[in-house]
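Colleague: Here is my input, please return the structure:
(chains A and B, ligands or ions: 1)
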Amino acid sequence: MGVVILLVMAAGVALMLTRKLPTAFALALLAVAIAFLAGAPFTGKNSVLDTVLQEGAPALAATMIAIILGSWLGKLLDETGIAGTLVRKIVEFGGDRPTVVALGVLAVSALVGTVTGSAPAAMLAGIIGIPAMIAVGVPKVTAAGTVLMGIAVGIPFELPLWQFFSTALELPIPTVRGFMVKLFPFALAAALAFVVVETRRRGTEHAWSLKAVDSPGSSGAKPRSRRAELGDAPWYALLAPAVPLVLALGFELAIIPSLLAGVLYALVTTTRPGGMNKRLLRTLYGGFEVAAPPLVLFISIGILLAAVKLPGAVDALEPLVKAVSPHNPVVFVLVFTLLVPLCLYRGPLNVFGLGAGIAGVLIATGIYPAVAVLGMATSYNQVFGVADPTSTQTVWSAQYAGVSPQQVMVRTLPYVWAVALGGLCVTAATYL
Amino acid sequence: MTAVELASTDRELMDPTSVDDIEWGVRLLAATPTHEGRDRELLRQWALRADEFGSRLAPVPSTARVVERDDGLERMLLARYTSRPPTVELYTDMLALAEKLVDARGWRAWYPPGSVRAAALAHEAVHAHLHHGPAKAALKQALDHTVLRLGRHRLAGHVAGAEEVAAHAYARTVCGLGRSPLLLTAALRAELTRPGREK
Ligand SMILES: [Zn+2]
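Modeller: Alright, predicted model coming up:
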């Protein structure tokens, strides 16, 4: 029966790869199929309806709240001009040297990456950051890659992600935090290397482009965003994106209150009391829109995790997975480093896809300790977050810069592959 | 990059020459990221200073390799400079279209035959010059944009897009053009984004 379950999983991956079915739908379908194959009853204890669907769907509720709060803060950073001001200051202070501007945008990306992940983070840092880098002569692929590598520096400290791994892998937050702190130096070193090496290697680039002259007309017919009317945010407001991280990492506060504090800080430093309610609601609802795709995904992942943890599924999969899982630390590192490409293109090791299910299997069957699975999953996530040409942040950054996602993948993959190798080494050395 | 609709007034569409060279510089700056919401007067000041800097620049020899390409219409490019290795790419299809447009609009007196190519080379030579030499600091000084003041000390900030305005002003001067290459750029853009134009 285990083989049949694996075949069904492969079919699910095929559906996602060929885009026949959106990932979230595919994962939920997969979960139901696995539950039936594992011999789960229709209702009652360890059943398809009650355990997998009813209990699985809200299993990652805390993560979903964190995602909503992160998106809310992201919307606030945009609307209040905090993100834009950060990028503008970087260009004003470092614009003569493209490398300095790129490093500055990298830092802003890392900062917003700790608040909110994927496409919203890319947009926050990239909407002004990418064209600003291009304007000072940074080549396009490097500009897109810089934002993505920057977000990846923030990923180890992305609070909603801590919540996700804590709930999904049933680990306490301090354990997750402990590993993330060890993963961070690798992400940082790779990102710095990317910017320095790539800007050196490719030099600068200036184009006489038709796109330079956008004539808004003397009547000012072009609608201006709220951000444009506001101008610069005050300097102390620029600290807002760092508030949740400081509280959660420095003061070890819980994740949801830390994010809430960030929202409040961004609000009071930029908004007159009279306009607070309106702005809070507007950005909160806007945040839901941004958060919709990950929310749906996390509902499905909860369902999938509930399915692979069913006793029937664990019994069926255990002998198979045990037979192929390496335990020698060196082999472990080698095998899983070589498997890195399987997290790209919605592949089976994508942590926000079937990879979550596989992680669940590895833990439920007791093949690896949960912390080791955390190490693997987070290492893969560093690759997925930057180089996957089908993930929203990569697609958005590349297209916004005017290049293809595949070009960005080719340029960034060596760097993030090295990060994964580093993360896997730490995992093997510490937890195996 | 998101394609921003050309929202010119009707008069401008009929006659882009009604917009003066400095105003084209202002528009280039206004369309450059980091200047959104910036005061129009300040942009005008910067455009003026950058234009003056460019037109006063002593002739700079170009040592870059020149490569001709023919996918400019697709990429909306006239020319491109890359520093490593120093190379100027000329997009011949766009240059040809520019020459055609000059005739169609009756702008020959402003842009003599072959001057667009010369302007492209001159323009990119400025980028090379500013990239390698001390001229970059001089431009920054000319723009005089203070971003930080500590007692008597002032820190001059970078103005994104100013180098581009200077490059166009330099090309206009050394190639003896009657009007800024930016006018031609805008006309080309209008031509290529005109509704109903077949691909
Ligand atoms: Zn230029």
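
Colleague: surely residue A:102 meets residue A:144?
Modeller: No: taking contact to mean CB atoms under 8 Å, the distance of 11.2 Å between residue A:102 and residue A:144 leaves them out of contact. Any C-beta I mention is one placed from the backbone N, CA and C, and that applies to glycine too.

Colleague: who touches the closest residue to residue A:175 other than its chain neighbours in this structure?
Modeller: What sits nearest to residue A:175 in space, not counting adjacent residues and going by CB to CB, 6 or more residues apart in numbering or on different chains, is residue A:371, at 6.2 Å. Taking CB atoms under 8 Å, 6 or more residues apart in numbering or on different chains, we find residue A:371 in contact with A:171, A:175, A:179, A:427, A:430, A:431.

Colleague: Of these, which one scores lowest on pLDDT?
Modeller: Among those, residue A:431 carries the weakest pLDDT, at 85.

Colleague: State the distance from it to chain B.
Modeller: As for residue A:431, its distance to chain B is 43 Å (criterion: CB to the nearest CB, to the nearest Å).

Colleague: circling back to that earlier point, can you tell me the element the residue nearest to residue A:175 falls in?
Modeller: Assigned by DSSP states H and E, residue A:371 belongs to helix A:370-387.

Colleague: Next secondary structure element downstream of that helix?
Modeller: Tracing the chain past helix A:370-387, the next element assigned as helix or strand by DSSP H and E is helix A:392-401.

Colleague: Quick one: distance of that following helix to the chain centre.
Modeller: Centroid separation between helix A:392-401 and its chain, computed with CA atoms, centre = their mean, to the nearest Å, is 14 Å.

Colleague: Can you say which helix or strand has residue A:64 in it?
Modeller: Short version, using DSSP H and E: residue A:64 is in helix A:61-79.

Colleague: what does the next helix-or-strand element following that helix contact?
Modeller: Sequence-wise, the next helix or strand beyond helix A:61-79 is helix A:82-94, with elements assigned using DSSP H and E. Identification of contacts with helix A:82-94 by CB under 8 Å, 6+ apart yields A:76-78, A:100-101, A:103-105, A:107-108, A:111-112, A:124-125, A:127-129, A:132, A:135-136, A:227, A:232-233, A:237-238, A:240-241, A:266, A:270, B:33-34, B:36, B:145, B:147-148, B:155, B:157-160.

Colleague: Averaged pLDDT, helix A:82-94. What do you get?
Modeller: Per-residue pLDDT values across helix A:82-94 average out to 87.

Colleague: Return the alpha-carbon coordinates of it using PDB.
Modeller: Output for helix A:82-94, consisting of C-alpha atoms alone and laid out as PDB, is shown next (Å, rounded to 0.1, in the frame of the first residue of the first chain):
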ATOM      1  CA  ILE A  82       8.200  53.600   5.000                       C
ATOM      2  CA  ALA A  83       9.500  51.000   2.500                       C
ATOM      3  CA  GLY A  84       9.800  53.600  -0.300                       C
ATOM      4  CA  THR A  85      11.700  56.100   2.000                       C
ATOM      5  CA  LEU A  86      14.200  53.400   2.900                       C
ATOM      6  CA  VAL A  87      15.000  52.800  -0.700                       C
ATOM      7  CA  ARG A  88      15.100  56.500  -1.600                       C
ATOM      8  CA  LYS A  89      17.600  57.200   1.200                       C
ATOM      9  CA  ILE A  90      19.800  54.300   0.100                       C
ATOM     10  CA  VAL A  91      19.900  55.800  -3.500                       C
ATOM     11  CA  GLU A  92      20.600  59.300  -2.200                       C
ATOM     12  CA  PHE A  93      23.400  58.200   0.000                       C
ATOM     13  CA  GLY A  94      25.000  55.500  -2.100                       C
END
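
Colleague: gap between it and the chain center?
Modeller: Its chain's C-alpha centre lies 24 Å from the corresponding centre of helix A:82-94 when counted by CA atoms, centre = their mean.

Colleague: same question, stretch A:171-181
Modeller: On the basis of CA atoms, centre = their mean, the separation between the geometric centre of stretch A:171-181 and that of its chain is 17 Å.

Colleague: Name the residues of it that come out as buried.
Modeller: A:171, A:173, A:175, A:176, A:177, A:179, A:180 (16 or more other CB atoms under 10 Å in any protein chain shown).

Colleague: Looks to me like the fifth one is in a helix.
Modeller: Yes: when the secondary structure is assigned by DSSP: H, G, I helix; E, B strand; the rest coil, residue A:177 falls within a helix.

Colleague: Might you report the residue contacts of it?
Modeller: When contacts are counted by CB under 8 Å, 6+ apart, residue A:177 is found next to A:162, A:248, A:249, A:252.

Colleague: Point out where chain B drops to low pLDDT.
Modeller: Confidence mapping of chain B against pLDDT under 70 gives the ranges B:1-14, B:196-199.

Colleague: picking up where we left off before, from the contacts of helix A:82-94, which would you call buried?
Modeller: The neighbour-count test (16+ other CB under 10 Å) applied to the contacts of helix A:82-94 identifies A:76-78, A:100-101, A:103-105, A:107-108, A:111-112, A:124-125, A:127-129, A:132, A:135-136, A:227, A:233, A:237-238, A:240-241, A:266, A:270, B:33-34, B:36, B:145, B:157-160 as buried.

Colleague: Indicate the residue of the stretch 51-200 of chain A located nearest to the ion.
Modeller: For the stretch 51-200 of chain A, the residue positioned closest to the ion under CB to the ion is residue A:137, at a distance of 9.4 Å.

Colleague: Now do the phi/psi pair for that residue.
Modeller: Geometry field for residue A:137 lists phi and psi as phi 110, psi 10, criterion degrees, to the nearest 10.

Colleague: Just confirm it contacts residue A:207, I think it does.
Modeller: No: with contact defined as CB under 8 Å, residue A:137 does not reach residue A:207; the gap is 9.7 Å.

Colleague: Give me the spatial nearest neighbour of residue A:240, chain neighbours excluded.
Modeller: Closest residue in space to residue A:240, ignoring its immediate chain neighbours: residue A:266 at 3.9 Å, by CB to CB, 6+ apart.

Colleague: Secondary structure class of that neighbour, three-state.
Modeller: Looking at residue A:266 with three-state DSSP, the answer is helix.

Colleague: And it, what's its pLDDT?
Modeller: Looking at residue A:266 specifically, the model assigns a pLDDT of 95.

Colleague: Contacts only, for it.
Modeller: Remark: with contacts taken as CB under 8 Å, 6+ apart, residue A:266 is in contact with A:73, A:76, A:77, A:80, A:82, A:237, A:240, A:243.

Colleague: give me the low-pLDDT residue ranges for chain A?
Modeller: By pLDDT under 70, the low-scoring segments of chain A are A:214-231.

Colleague: near the ion, which residues of it?
Modeller: When proximity is defined as CB under 5 Å from the ion, chain A approaches the ion at A:206, A:208.

Colleague: Distance check, the residue of the stretch 101-250 of chain A found nearest the ion against chain B.
Modeller: At 4.3 Å from the ion, residue A:206 is the closest residue in the stretch 101-250 of chain A, using CB to the ion. For residue A:206, the distance to chain B (CB to the nearest CB) stands at 4 Å.

Colleague: Check the gap between that residue and residue B:162 for me.
Modeller: In this structure, residue A:206 and residue B:162 are 12 Å apart, going by CB to CB, to the nearest Å.

Colleague: ok, now residue A:209?
Modeller: Taking CB to CB, one finds residue A:209 at 16 Å from residue B:162.

Colleague: Looking at those two, which one has more neighbours?
Modeller: Of the pair residue A:209 and residue B:162, residue B:162 is the one with more neighbours under other CB atoms under 10 Å in any protein chain shown, namely 26 against 21.

Colleague: isn't the more buried one right up against residue B:138?
Modeller: No: with contacts defined as CB under 8 Å, residue B:162 does not count as touching residue B:138, sitting 11.8 Å away.

Colleague: how about residue A:190, what does it touch?
Modeller: Remark: with contacts taken as CB under 8 Å, 6+ apart, residue A:190 is in contact with A:149, A:152, A:415, A:416, A:418, A:419.

Colleague: Give the closest residue to the first one in space, chain neighbours not counted.
Modeller: Counting by CB to CB, 6+ apart, residue A:149 lies nearest to residue A:191, which is 4.1 Å off, once chain neighbours are set aside.

Colleague: No further questions, thank you.
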